[in-house]
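Asks: How does the following fold in three dimensions:
(3 chains)
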Amino acid sequence: MPAADLLLVLVVLADFMVLGTSRLTTCIRAIALQGLMLGALPIALTQHWSLHIVGLAVGSTVVKSLVLPWFLRRAIREAAVRREVEPSIGFTLSLVLGIAAVAIAFGVSQRLPLPAGVSELLVPVALATVIMGFLTLTTRSKAVTQVVGYLMLENGIYLFGLTSTDRVPFLVEIGVLLDVFVAVFIMGIVVFHINREFDSLSSIRLTELRD
Amino acid sequence: MTLFFLGLGLILAGGAFAWLLQRTRIADSVFALLVSLGCAAALIPAAGVLGGRTVAGVAWDLGPPTGIWAFDIDALSALFVAVVLGVGLAAVLYGISYLAPEREHRSVGGTHFLTALFLVAMALVVTARATIPFLIAWELMALSAYLLVVFEDEQREVRRAGLIYLAATHIGTLALVAMFALWGTHAGGFTFDAFSRSALPAGAGAAVLSLALLGFGFKAGLVPLHFWLPGAHAAAPSHISALMSGVMIKTGIYGLLRVISLIGGAPPWWSWTVLALGALSGVLGVLWALAQHDLKRLLAYHSIENIGIILLGVGTGALGIAYGRPALALLGFAGAVLHTANHAVFKSLLFMGAGTVFRATGTRAMDRLGGLARHMPLTWILFLIGSVAIVGLPPLNGFVSEWLVFLGMLQAGAALGPVRAAVLGAGVLALIGGLALACFAKVGGVVFLGEPRSESAAKGREAGPGYIAPMAALALACVAIGLLAPPAVRIALEVAATVAGAAGPARQDVIAPLTAAASGITVVSGGLVVLIGLAWAWRRMLERRRPSAWTETWACGYNGVAGRMQYTAASYAAPLLAAFARLSGIRVARAPGAFHTHPFDLVLERLVLPTWRRMAGTAEAIRPLQQGRLHTYLLYIVGVLLALLLYLWLGGAA
Amino acid sequence: MIAWTAIPALLLVLVVAPLLPGIATKTKSWLTGRRGPPVLQLYFDLGKLWRKRSTYSRTTTWMFRLAPLALLVTSVGAACLLPLDGRSALLGFRGDFIAFASLLAVGRFALVLAGLDTGSSFEGMGASRDATFATFAEPALFLGFVTLFLISGNLSLTGMLGVGAGLLSAWIGGGGHAAPALALITISLFLVLLAETSRVPVDDPATHLELTMIHEVIVLDHSGPDLACILYSSAVKLAVLGALVVGVLVPRTALPAPLTGLVFTGGLVLVAVAIGIVESVMARLRLSRVPQFLVAAAVLSTLGALLVLVR
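Replies: You can find the predicted model right below:
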């Protein structure tokens, strides 16, 4: 499955793009690109076509690569955030930790019982994306980057789901997508309000809210 | 074996003469002569073993309490004996000149005796084949090294370094005693023969290997057990630094290799740990070296780096045994032992170079040096040879051993199973190489090139033949191993075979093609030397036709180059260290018009000393319990007794 | 081990090398709407410098005069280890890629020392930057070699390069991940090339301010034939690293030797054009961001290696 392999490699590269860039807009562009790959993946992975597959592909492409990035861009514009990622660890270290995550994911998945008939990169890439999503969540302080990390996390889980597209009911997939959509929506609203109240979007400042 | 012990006896006798005759003029010559003879005599059997002959081991049963004293020289021991005595001889000869100016202030003869004792102890460590003689030699080595480190004991800094060294080395010894005790209980005897015959149960094996890593790791100075090393190496007289860094820390490597060969391999977790520790020591060692301003501390941190490279080899070799890949085991161990020998040669050369610079200028602070190449051309060339060798560049010996370690790691990639992941270590090794290059370009450039940065640097003059000759001999060894790569690689592989326990055709399958490939190195290195020589001759011929002009440095039109305006060691290293952020272990002080960096040891100051202070604090807190009054102690005894009775009563009830 | 048949291709590359910076500059000029210097400019410069005499600073020692020669010998030596005619290198043995990287490192070591030899803070600055960036380029380069070894199972550059085409067809047929890995390390090696040959976005060869220079400032004091040596060596280094990138992609097929040599040369020209394109569309990175750029290259190489390691 050469096309699927290529898409999965690009998914990992998009992860690294998020970790390595200092610009919020590039971050969002990376997550949009990742969404595009994820949308194309069900088609590249499948052996036999069905409405289910096509629906999944179209649905995730629209949500992950168009709607959510548009929403995030709007959030940046409306909230007039400084367009720089402010990581708590250096970009170089982020990249090194990222590649370590990929190495661990690849190593661990050698030990996992892999489902037959799917690309052998699928599970490692899914794991790597989840870990790097966590990395983004924990080391980037801005609310928008938090959302991006959250999306990476979700993309990783989505990839896990692809190991068994034929068995998971369509409704579950839609439910997951909707879930994310609502989550991002709520986060967006929270972002606006935090910004209005505190003039800052850094989640580090959130610790000041206690008591 | 007789010749070996005769040699060691001669070395000791030389030391004793140096001590007894220290008021007379012939003391130095007698010392030099006897030690040279002794080393030569003891090297003969070692060279024989490396050449393929065997030596009959000896064993004496001295009865209780010490039991059997056994000594033997196999290929592994022979290589280390060669390192100990070969490099040791150069260091001793250098030390005679180096200590001569101190003759007025203190007992130089005593130091010479201790040096001789130090050498003999190390030679015994690597040949002992039973627990008791091994541990006795080990302690003798540690203690004589301590006494040598505190040579300049009037300085507070030196005493502190000595104390930290003494504490660290004894924690290591403690681990070794525990290891041998455990091993001996299971093996039913305390000779190495008994160890190798017995099969350890898995749990005991794991404990023995862990204790070995701890005990020998302290001696080898791997991160994070290295904290004693920079201070001790910097404080000791330069020839002793050369011996400690070049030879003594290698006994830790010897110990690890010996334990592996006695147990017959190590489980994967241990091998991976060694590999990871090697990577950690390599990268952090060279990074911290880059941050140093003191020439000898810098070299000391490079020892940690090189121990890291050696451990990468050891780890690869151990993985080879663990996963049943003999070719991998051979390559890894061969890289490790060859790099051990090479590092001994070039690191002692560099420490002697640093000592020569110190004697000439009276300072080790790099930011006060500069421009020494003009007045100390020979020292500079020799130091440059050492630098090129340690960076691992052709045409010198460091390249040959790093090539072997690289090949070992790549060999891992050709295998199946989890061992393949070791191939990524090649990237770490490449990073280490790059950092080492940057670091030694800094040392050479800042210390020897450019303009002098202080009065004392401008005063530096070339040292006498007593300094130059031992260094030249070591430099020659660097060149020889570099250019004669095939025999060096073959010997290293033979030694590795004794560690890995590989025999027969499998071994020849690896050795023959690798020796052939090593001749490619000879072509590259030889070609490099010849072509640069030709290019130089041709360029000078051209210059004769069109004579060059000599003027000031351009410096973009500003004609006032002064020594103090040059890039310093700190400013040179700043961008590299900045990229590693907090890991680089420097404190930066900025002021308008001034920029200072202060290197500090992350492990020592962030981990060891705070722990120590906390322990001391706890001890202080329970001190009131000790009042020296008898009835208080009786009260304690009664209290404990009551507590025990209470426990029995409650336990009985249950 | 030694293949004399490789000499014609080697000579061809050594002759063509000074053309490459010219092509890069020309491409950049075209894309930015200028005419630019002639493609053969470097040849003219070399000829002019060669006829001049050198001027040395009284601060310098023999190291300063040795460095240009060491640079020349090592870059030509590195070229000898590459299979430039697509068949075999002049000299090839197990692990020769380590010698390849080390030879380039020897040249850099000499150049950095020569920079510090002048006692000028400008050259000290250049030396520091050169050493720093080269350090970070090293892991990317070696991990690239590791990946090539994992793909080809061969420890010699001759065997490592030229496996690209076969892999592509195998990959489309559904076997292994070698082809995406190969694509990743090609990019990574190209990034290393940009850094090692002091090109945008790491260094700007066209800059006129000493404080922003890297490679240009380290050779500030070299003049006459010495400078000619350095400029020529830089061009050869560009050709050598370019040939590495090309060698990863160019198939080693049954083409006759002269034709493969031409294919290689054509590939080198394409690399030069690519450099020109990068230079005209990208800005230079801030100096403190350069390590990150090279770490990214190393990450690509590692990812390539990991892809091959997953079986």
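Asks: neighbours of the residue in chain A positioned nearest to chain B, just the number please.
Replies: Residue nearest to chain B within chain A: residue A:90 (5.8 Å; Cβ to the nearest Cβ). Where C-beta positions appear, they are placed from N, C-alpha and C, glycine not excepted. Other residues near residue A:90 come to 18 when the count uses other Cβ atoms under 10 Å in any protein chain shown.
Asks: ditto for residue C:292
Replies: Neighbour tally, residue C:292, other Cβ under 10 Å: 21.
Asks: just residue B:246 next, same as before
Replies: Neighbours of residue B:246 (other Cβ under 10 Å): 30.
Asks: part of a helix, is it?
Replies: Yes - under DSSP: H, G, I helix; E, B strand; the rest coil, residue B:246 falls within a helix.
Asks: Pull up the gap between it and chain A, please.
Replies: 33 Å (Cβ to the nearest Cβ, to the nearest Å).
Asks: what's the nearest residue to that residue if we skip its chain neighbours?
Replies: residue B:348 (3.6 Å; Cβ to Cβ, 6 or more residues apart in numbering or on different chains).
Asks: Can you tell me the number of residues neighbouring the residue of chain B found nearest chain A?
Replies: Per Cβ to the nearest Cβ, residue B:581 is where chain B lies closest to chain A, at 5.8 Å. Close neighbours of residue B:581, defined as other Cβ under 10 Å, add up to 11.
Asks: What of residue C:235?
Replies: 23.
Asks: Run the contact check for the helix or strand where it lies versus chain B.
Replies: In this assignment (DSSP states H and E), residue C:235 forms part of helix C:224-249. Yes - using Cβ under 8 Å from any Cβ of the partner chain, helix C:224-249 comes into contact with chain B via C:224, C:225.
Asks: how far does that helix sit from the chain's center?
Replies: Relative to its chain's centre, helix C:224-249 lies at 6 Å (Cα atoms, centre = their mean, to the nearest Å).
Asks: elements contacting that helix?
Replies: helix C:7-16, helix C:19-31, helix C:41-51, helix C:62-80, helix C:96-117, helix C:178-196, helix C:257-281 (3 or more Cβ pairs under 8 Å, 6 or more residues apart in numbering or on different chains; DSSP states H and E).
Asks: for the very next helix or strand once past the third one, packing partners?
Replies: With elements assigned by DSSP H and E, the helix or strand that comes after helix C:41-51 is strand C:55-57. Taking 3+ Cβ pairs under 8 Å, 6+ apart as the contact definition, the neighbouring helices and strands of strand C:55-57 are strand B:549-551, helix C:62-80.
Asks: 10 Å - rerun?
Replies: strand B:549-551, helix C:62-80, helix C:224-249 (3 or more Cβ pairs under 10 Å, 6 or more residues apart in numbering or on different chains; DSSP states H and E).
Asks: Same list (the ones you listed) but as JSON lines, adding mean pLDDT.
Replies: As requested, the helices and strands packed on strand C:55-57 are exported to JSON lines (pLDDT from 0 to 100):
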{"stretch": "strand B:549-551", "mean pLDDT": "89"}
{"stretch": "helix C:62-80", "mean pLDDT": "96"}
{"stretch": "helix C:224-249", "mean pLDDT": "93"}
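Asks: coming back round to it: what residues of the helix holding residue C:235 count as buried?
Replies: Within helix C:224-249, the residues that qualify as buried are C:224-249, counting by 16 or more other Cβ atoms under 10 Å in any protein chain shown.
Asks: what angle separates it from helix C:257-281?
Replies: 100 degrees (axes from the mean of the first three to the mean of the last three Cα atoms, to 10 degrees).
Asks: Helix C:41-51 and helix C:224-249, what's the angle between them?
Replies: 150 degrees.
Asks: okay, now residue 120: neighbour count?
Replies: All of this is about chain A. 19.
Asks: nope, chain C please
Replies: Neighbour tally, residue C:120, other Cβ under 10 Å: 29.
Asks: Make sure it is actually in contact with residue B:563.
Replies: No - the pair residue C:120 / residue B:563 is not scored as a contact, 11.7 Å apart, by Cβ atoms under 10 Å.
Asks: tell me, what's touching these two both at once?
Replies: B:450, B:451, C:59 (Cβ atoms under 10 Å, 6 or more residues apart in numbering or on different chains).
Asks: if I pick residue B:103, what's in contact with it?
Replies: B:22, B:27, B:28, B:109.
Asks: cool, and residue A:3?
Replies: Here residue A:3 is in contact with A:40, A:41, A:43, A:44, A:45, A:119, C:172 (Cβ under 10 Å, 6+ apart).
Asks: for residue B:458, same thing?
Replies: Applying Cβ under 10 Å, 6+ apart, the residues near residue B:458 are B:361, B:370, B:371, B:372, B:374, B:375, B:451, B:452, B:563.
Asks: quick one: which helix or strand includes it?
Replies: Following DSSP H and E, one finds residue B:458 within helix B:455-459.
Asks: Please export the C-alpha coordinates of the next helix or strand after that helix as PDB.
Replies: Following helix B:455-459 in sequence order, the next helix or strand is helix B:465-483 (DSSP H and E). Once non-C-alpha atoms are left out, helix B:465-483 reads as follows in PDB (Å, rounded to 0.1, in the frame of the first residue of the first chain):
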ATOM      1  CA  PRO B 465      63.900  17.600  25.500                       C
ATOM      2  CA  GLY B 466      62.900  16.000  28.800                       C
ATOM      3  CA  TYR B 467      59.400  17.300  28.100                       C
ATOM      4  CA  ILE B 468      59.400  16.900  24.400                       C
ATOM      5  CA  ALA B 469      60.800  13.400  24.000                       C
ATOM      6  CA  PRO B 470      58.100  11.400  25.900                       C
ATOM      7  CA  MET B 471      55.400  13.400  24.100                       C
ATOM      8  CA  ALA B 472      57.100  12.800  20.700                       C
ATOM      9  CA  ALA B 473      57.100   9.100  21.500                       C
ATOM     10  CA  LEU B 474      53.300   9.100  22.200                       C
ATOM     11  CA  ALA B 475      52.700  11.200  19.100                       C
ATOM     12  CA  LEU B 476      54.600   8.700  17.000                       C
ATOM     13  CA  ALA B 477      52.400   5.900  18.400                       C
ATOM     14  CA  CYS B 478      49.300   7.900  17.300                       C
ATOM     15  CA  VAL B 479      50.700   8.200  13.800                       C
ATOM     16  CA  ALA B 480      51.900   4.600  13.700                       C
ATOM     17  CA  ILE B 481      48.500   3.100  14.700                       C
ATOM     18  CA  GLY B 482      46.800   5.500  12.300                       C
ATOM     19  CA  LEU B 483      48.800   4.500   9.300                       C
END
